[in-house]
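Novice: below are the sequence and a predicted model; questions follow.
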Amino acid sequence: MDARPRLDRFASRSLALLVLVTGAAAISCAGGNSNGTGTGGAPGSGGTTGNGGTTGSGGATGNGGTTGNGGTTGSGGAATGGTTGSGGTTGSGGTVATGGTTGSGGTTGTGGSTGTGGTTGSGGATGSGGATGSGGTTGSGGTTGSGGSSGTGGSSSTGFCPSGALFCADFEETSGVPMNHPTGSAMFEDPSEYGWTFGGTSMAAMTLDTTSPYDGKQSLKVNPPSGFAIRTLYVTVPTTFWVRLYIKSDQPIGQANHNSFFAAGLGPDYSSAKNVEVSEQYGCVLLNASDSTFPTGTTCGANTALAANAWHCMTAQFDGTTGNVQVFSGSTQIINAQGWAPAKEAFTTFSFGYYRYNSEPSSGSSSPGPEATVWYDDVVVSTSPLSCP
C-alpha cells in the first residue's frame, strides 16, 4: 500500500505526538533495533499506519516495530512487515501460494488409461489427456477410438452358398477335395493319368492354392498338363440343374483349339459320359458334345474369349429334359441353346476342371496351343436358377 497519503495526515498532527515519538525512541535504545520498537518511533516515516507499522512498513509504529523486520510475522510469515503491512495476512507466500492446491497437469498425464489401439481400434477407451489432463478435468480424446474389431481378409464367408443348394465349395479345407465344406461333396476323377492325385508334393493334378483366390484364403488350382489329360472333380446332380462358379486362366478362355472347362454328363468317365462341355475353340466360348458345337460356325458373337489372368463369374443351366443350355458370363448371356439334341440326356454328374484335348495341332493350326493353368472358386450347384452378383 502507498504510504504517502498517510504521511500527509500525520504532518498536521500536534507537537505532542512528536514528544510521544521521542519517548518511543528511548525505549528503542534500551532494547536494540531488534526489540519491540523499530527505528523511526511512533510517528516516524509511515506513522501509525506508515510503511510497515501496524498498518505501515515495519512494526506497530515504524520500521521494525512490534512486528517489524524479523518480528513476529516478518517476511515469509503471514505477511511481509507488520500485522497488516505490505502483503497483509495473505501477502506473497501466504497461506495459499501461487500454484494452489492443484498444479497444472492434473491427476493423470498425457496418455490416458489406454493408449493407441484400444478396445476396438486406435484411440482406446480414453484418448490423450487422460482423466484430468493439463488443467482440465478430462483430456482430449473420445471414449472409443477409430477402427473396427475385425481386419481385412480371413476365411471365406458362406454367403455365396444359397439356401437349398446341392453343392457349395469355397476350397478353404486344410487338405483334400471339398467334403461338406460347406455343402455337399465332390470326388476327384482322373481316368486319363495313372498315379496322379489331388494335392501332394508330386504328381498333383490339382491343389488348394493360396496365391490368388477370388474369395477367402484359397482356390482350386488345376495344374497344366504337358499333353492330353482330363483333370476334374465331379458332383452328383439331377437331370436339370444350375451352376455358378468363378474361373480364371493364365491363358484366354477361348483359344483356337478345343479344350473344355466344365460339363454336364452321365458319369465321371469322360469317355462314356456323353458330356455337354463348356469349351473353347475358334477363339470363342461354345458348347461341345462329341465334337458337335453350338453355336455352329467359327465366328464369335457375344461368346468371344474371356481375358486371361482375371476372375470371371459364369452361370449355366443344363436341362437334360428339354435340351436347353444357357451360359452367362457375368450378366451377359453368351450361349442360348434351345432344344439342342446332344443336350437331351438324363444327366447325373457335373464335372469341372480342365479337359486338355489339344496335344496335337488341330486342323488349320500349326501348334496345339499353350497349356493353361486354371483356377476355380466359390462353385455352387443348385436346382434353382443362379445368377452372378
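Specialist: In hand now; what should we look at?
Novice: only C-alpha atoms from now on, for both contacts and neighbour counts.
Specialist: Noted.
Novice: what strand or helix carries residue 335?
Specialist: In the assignment (DSSP states H and E), residue 335 maps to strand 332-337.
Novice: model confidence over that strand, on average?
Specialist: What strand 332-337 shows for mean pLDDT is 98.
Novice: now do the buried residues in it.
Specialist: Judged by neighbour count using 16 or more other Cα atoms under 10 Å, the buried positions of strand 332-337 are 334, 335, 336, 337.
Novice: with distance to residue 322 added, can I get the residues you listed in JSON lines?
Specialist: Output for the buried residues of strand 332-337, formatted as JSON lines (distance: Cα to Cα, whole Å):
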{"residue": "334", "distance to residue 322": "19"}
{"residue": "335", "distance to residue 322": "16"}
{"residue": "336", "distance to residue 322": "13"}
{"residue": "337", "distance to residue 322": "10"}
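Novice: now, which of the residues you listed sits nearest residue 349?
Specialist: residue 337 (19.6 Å; Cα to Cα).
Novice: which strand residues bridge the closest one?
Specialist: Applying DSSP bridges to residue 337 gives these bridge partners: residue 325.
Novice: re the thing from before, after the strand holding residue 335 comes which helix or strand?
Specialist: strand 349-356.
Novice: take that following strand, keep the C-alpha atoms, and write them as CSV.
Specialist: This file holds the C-alpha atoms of strand 349-356, laid out as CSV (Å, rounded to 0.1, in the frame of the first residue of the first chain):
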residue,chain,number,x,y,z
THR,A,349,-22.9,-85.6,-62.9
PHE,A,350,-21.5,-82.1,-63.1
SER,A,351,-17.7,-82.0,-63.7
PHE,A,352,-15.3,-79.1,-63.5
GLY,A,353,-11.5,-78.7,-64.0
TYR,A,354,-9.6,-78.8,-67.3
TYR,A,355,-10.0,-81.1,-70.3
ARG,A,356,-6.8,-80.8,-72.2
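Novice: name the nearest residue to residue 207, ignoring sequence neighbours.
Specialist: residue 199 (4.6 Å; Cα to Cα, 6 or more residues apart in numbering).
Novice: domain map for the chain?
Specialist: What automatic domain parsing lists as the domains of the chain is 1-90, 160-382.
Novice: select from the ones you listed the stretch with the lowest mean pLDDT.
Specialist: domain 1-90 (a mean of 35).
Novice: returning to what we had before: which ones are touching the residue nearest to residue 207?
Specialist: 175, 176, 205, 206, 207, 208 (Cα atoms under 8 Å, 6 or more residues apart in numbering).
Novice: 7 Å instead?
Specialist: 176, 206, 207 (Cα atoms under 7 Å, 6 or more residues apart in numbering).
Novice: what's the closest of those residues to residue 298?
Specialist: residue 206 (31.5 Å).
Novice: you'd agree the closest one is up against residue 198?
Specialist: Yes - Residue 206 is within contact range of residue 198, at 5.3 Å (criterion: Cα atoms under 7 Å).
Novice: who's more crowded, those two?
Specialist: Taking neighbours as other Cα atoms under 10 Å, residue 206 and residue 198 compare with residue 206 leading, 27 against 23.
Novice: tell me if the more buried one really is in a strand.
Specialist: Yes - applying DSSP: H, G, I helix; E, B strand; the rest coil, one finds residue 206 inside a strand.
Novice: may I have the beta-bridge partners of the closest residue to it other than its chain neighbours?
Specialist: Closest residue to residue 206 apart from its sequence neighbours, by Cα to Cα, 6+ apart: residue 222 at 4.3 Å. Counting by DSSP bridges, residue 222 forms beta bridges with residue 206, residue 374.
Novice: list the contacts for residue 222?
Specialist: Residue 222 makes contacts with 205, 206, 207, 353, 354, 373, 374, 375, as judged by Cα under 7 Å, 6+ apart.
Novice: quick revisit: which of the contacts of residue 199 sits closest to residue 307?
Specialist: Distance to residue 307, by Cα to Cα, is smallest for residue 206 among the contacts of residue 199, at 22.0 Å.
Novice: got the contact list for the closest one?
Specialist: Contact analysis of residue 206 by Cα under 7 Å, 6+ apart lists 198, 199, 221, 222, 223.
Novice: do residue 301 as well
Specialist: Residues near residue 301 by Cα under 7 Å, 6+ apart: none.
Novice: mind running it again at 8 Å?
Specialist: residue 334.
Novice: and it, how far is that from residue 279?
Specialist: Noted for residue 301: a distance of 15 Å to residue 279, by Cα to Cα, to the nearest Å.
Novice: neighbours of the nearest residue to residue 339 once chain neighbours are set aside, how many?
Specialist: In space, and not counting its chain neighbours, residue 339 is closest to residue 323: 4.3 Å by Cα to Cα, 6+ apart. Look at residue 323: counted by other Cα under 10 Å, it has 17 neighbours.
Novice: same check on residue 201?
Specialist: Residue 201: 8 neighbours (other Cα under 10 Å).
Novice: helix or strand for it, which one?
Specialist: Secondary structure from DSSP H and E places residue 201 outside every helix and strand.
Novice: for it, which residues are in contact?
Specialist: With Cα under 8 Å, 6+ apart, residue 201 has no contacts at all.
Novice: rewinding a little: any chance of CSV for the contacts of residue 222, columns distance to residue 257?
Specialist: Shown next, in CSV, are the contacts of residue 222 (distance: Cα to Cα, whole Å):
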residue, distance to residue 257
205, 21
206, 22
207, 25
353, 17
354, 14
373, 16
374, 16
375, 20
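Novice: quick one: which of these is nearest residue 213?
Specialist: residue 375 (8.3 Å).
Novice: excluding its backbone neighbours, what's nearest that closest one?
Specialist: Excluding the flanking residues, the one nearest residue 375 by Cα to Cα, 6+ apart is residue 221, at 4.5 Å.
Novice: pretty sure that neighbour is touching residue 209, no?
Specialist: Yes - if you go by Cα atoms under 8 Å, residue 221 and residue 209 touch, sitting 5.8 Å apart.
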